[in-house]
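In: output the structure for:
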Amino acid sequence: MTDGTGVRSLVELPAGGVATVVGIAEAAEPHVARRLVDLGLTPGTAVTVVRRAPLRDPTLYRFGGTSLCLRSAQARHVTVQVG
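Out: Next comes the predicted model:
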């Protein structure tokens, strides 16, 4: 869901894409939002899409010295700014 300003869901970034975390969507269930933040996906964190699985799920992301696979159902709740 791109809004014309470069803000979109993490799941929309292509492989090799880089963006900065803006926040966690309010639609995320509290336990999901808390887990994403606990993993380090906090505002201002740079995230790189390393690669996607053959069927696009899960996706490997790198941020803050961490590599982590997230399913689309989780990554769609992370709002990022491209550029």
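In: only C-alpha atoms from now on, for both contacts and neighbour counts.
Out: Noted.
In: got any ranges where the chain has weak pLDDT?
Out: 1-4 (pLDDT under 70).
In: could you pull out the strands for it?
Out: Taking DSSP state E as the test, the strands found in the chain are 7-9, 18-24, 46-52, 59-63, 66-70, 78-82.
In: redo those strands as CSV? Include distance to residue 31.
Out: Output for the strands of the chain, formatted as CSV (distance: least, C-alpha to C-alpha, whole Å):
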stretch, distance to residue 31
strand 7-9, 19
strand 18-24, 12
strand 46-52, 21
strand 59-63, 20
strand 66-70, 15
strand 78-82, 14
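In: of all those strands, which one is nearest residue 37?
Out: Proximity to residue 37, assessed across the strands of the chain by C-alpha to C-alpha, is greatest for strand 18-24 (8.1 Å).
In: mind checking how far the residue nearest to the spatial centre of the chain is from residue 45?
Out: Computing the C-alpha centroid of the chain and ranking residues by C-alpha atoms, centre = their mean puts residue 10 first, at 3.4 Å. Distance of residue 10 to residue 45, computed by C-alpha to C-alpha, to the nearest Å: 12 Å.
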